[in-house]
Structures are given as structure tokens and as C-alpha cells.
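1. starting from these lines, generate the structure:
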Amino acid sequence: MEGRRSQDARAARNAAGLIAALAIFWVAAASNAGADDAAEAGSGSKWSAGMESDFASRYEWRGLALSQGAVVQPSVWLSRSGLTLTLWSSVPLESKDPPGFHELDPSIEYERDFAGWTLTPTFEIYTYPGTPGPSSAEVELMVSRSVAGAVSAFARQTIDVAAYSGATSGGYGLKRETDSEAPWSWSGSAHLDWDSGRFIEAYLGVPSRTSQIAEASLAVTRRLGRAYLRGHVQADALLDRELRGTVGSLSPLSGGVAFGAEW
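-> Model prediction:
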């Protein structure tokens, strides 16, 4: 019991520390926002919105396969001045998985450039209408910086602040993105991620130590006015042999096609 209280206390300290860091960043960014806001006011800053349906061969998330078969993952979002509100969902398409909505996740994200860095704090709520799992919530901080033209280095850190308090995940790597407004564009990334033992136990239901995952992804987008079509593929490799034996031998490759529009 003492061990559990100690873990809860440590998780609370971690959550408080990360939330404090996000708050400090937010205040610092706000102090720089005056000039930006004035420029936006002069140019007529507007809301933008989008919607997308992604048909994927599997629900793959942070190196973990959360579905046995294909899924459709619709989402809608609304953005202005670096602030984005998103509602994302996942629905199975095959009988291998339970029917109905697997997941419905609202989130709020704020992106701000600061002294050559791009900082993106996010708060996301995870709900599972079609499964017995409890709802939860995470705080994430993503940091990135251009290192060579369109190539950026990035790192992220998340911590669960609700049902799975203390479950953490993180990663770091490189990504490259071409002009997203061009008729054809592409993006790719390669990164090394890690999930804490509590994270894996919460989402897979198996006891585990901290594991590492190597991941690479590639996406190609074709724009047609406000609409777009994006094909994507990713490869995930669990580097922990013991965990691979526990979760089974699913193909390391997954992919899909997304249809969307922005205005």
C-alpha cells in the first residue's frame, strides 16, 4: 500500500511539474504575442476548419496495435492563431474487433514559435464509448526546431493526469515536410519512442517494464482545391523481445488512405 501511495505521489509531482512548465511557456509566449496579434489584426486573422476520414489497416498508436483489423478514423478541427480544437474518433471495420465507436477524443492544442523553437502543448481527453475502459486525459509537450531546411528535430513528453495517472510516454527523432499547399507534397519521419510500464499495462492489460519502439512513416498528399487525398504507411518495431512475445506477432507495417478538406 505504501508503494502505491509513493507511486501516486510521484505521479502527482510529475503531472504538477509538467503542467507548471506548460503554464510558464504559455505566459512567456503570451508576452511575445502582442506584436503578432497586432499584425494578425491588420491582416484579418481568421478561423480555419477541416475534416478528414482516414481508412487505416490497423489502429496503431505509439508502437502499440490497438485493433486487430482495419479502422476508419474521422476527425474535425477548428483553428485560429495557433490554437486548434480537435475531435477525433476511431471505429472498427472488421468483425475481429468489438463493434461501435472504440474511441472519441476531444483535444486542445496551442502552437507557438519561440526563439527559433516551436513549442506545442496539448491537453487531450480519451473516451471509449464502445469498450469498458475508463476515460482518461493526458498533457503533452512537443518541442521541435529546424536543423536543415525542411528537416526538423523534435521531442515529445506526455503524462496521464486522470485514470492512468503516472503513465508516461515520450520520443525523439527527425521529420521532413514539403510545402503542404503545393499540388503534391510529402512528409516523413523516423523516431525512437518509449512507453512506461504503467502505460503498457493500462492500454494492453499486460504487466511490462518500460519499452522502446522504433518507428518510421511516410505520407504523400495530393491537393485538389480545398480537398486532399493522402496515402500513408508506417513501420513499427517493438525493441523489447519479451513484450513482443506477449502481444503477438502482428505485421510491423500498417497504412491507409485519408480523404479530407480544409477551408
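2. mind listing the strands in the stretch 101-250 of the chain by residue range?
-> Using DSSP state E, counting those that start in this stretch, the strands of the stretch 101-250 of the chain run over residues 103-110, 112-114, 117-126, 136-148, 151-160, 168-177, 184-195, 211-224, 227-238.
3. list the buried residues of the third one.
-> What it means is strand 117-126. By 16 or more other CB atoms under 10 Å, the buried positions in strand 117-126 come out as 118-124, 126. Bear in mind the C-beta positions are built from the backbone N, C-alpha and C, glycine included.
4. from those, which is closest to Asp160?
-> Using CB to CB, Tyr126 comes nearest to Asp160 of the buried residues of strand 117-126, at 8.9 Å.
5. tell me the bridge partners for that closest one.
-> Ser136 (DSSP bridges).
6. over to Ser146?
-> Beta-bridge partners, per DSSP bridges, of Ser146: Ser152.
7. check contacts around Gln157.
-> By CB atoms under 8 Å, 6 or more residues apart in numbering, Gln157 lies in contact with 18, 140-141, 168-170.
8. related to what we said a few turns ago, ok, which of the strands of the stretch 101-250 of the chain comes nearest Ala70?
-> strand 227-238 (13.9 Å).
9. could I have that closest one exported to CSV, CA atoms only?
-> Taking Å, rounded to 0.1, in the frame of the first residue of the first chain, the C-alpha atoms of strand 227-238 are listed here in CSV:
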residue,chain,number,x,y,z
ALA,A,227,-9.9,18.8,-50.7
TYR,A,228,-7.0,16.4,-50.5
LEU,A,229,-6.1,12.7,-50.7
ARG,A,230,-3.3,11.3,-48.6
GLY,A,231,-1.7,7.9,-48.7
HIS,A,232,0.4,6.9,-45.7
VAL,A,233,2.4,3.9,-44.5
GLN,A,234,4.3,3.3,-41.2
ALA,A,235,6.6,0.7,-39.8
ASP,A,236,6.8,0.0,-36.0
ALA,A,237,9.3,-2.3,-34.3
LEU,A,238,9.0,-3.2,-30.6
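10. sheet-wise, list the partners of that strand with their directions.
-> Using DSSP bridges, the strands paired with strand 227-238 are strand 211-224 (antiparallel), strand 253-262 (antiparallel).
11. could you export the ones you listed as TSV, including mean neighbour count?
-> Listed next are these as TSV, based on neighbours: other CB atoms under 10 Å:
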stretch	mean neighbour count
strand 211-224	16
strand 253-262	16
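12. surely Ala182 and Tyr228 touch.
-> No - Ala182 is beyond contact range of Tyr228, at 11.0 Å (criterion: CB atoms under 8 Å).
13. where does the protein dip in pLDDT?
-> 1-44, 245-250 (pLDDT under 70).
14. quick one: the closest residue to Ser189 other than its chain neighbours from Trp77, how far?
-> Nearest non-adjacent residue to Ser189, counting by CB to CB, 6 or more residues apart in numbering: Lys175, 3.9 Å away. Lys175 sits 20 Å away from Trp77, going by CB to CB, to the nearest Å.
15. try Leu64
-> 24 Å.
16. the strands paired with strand 227-238: which one's closest to Gly82?
-> When the strands paired with strand 227-238 are compared by CB to CB, strand 253-262 sits nearest Gly82, at 16.0 Å.
17. what comes into contact with the closest one?
-> Strand 253-262 has contacts (CB under 8 Å, 6+ apart) with 48-58, 60, 65, 226-236.
18. contact partners for Asp179?
-> Asp179 neighbours (CB under 8 Å, 6+ apart): Ser185.
19. Leu66 touches Glu60, doesn't it?
-> Yes - using CB under 8 Å, Leu66 is in contact with Glu60, at 7.4 Å.
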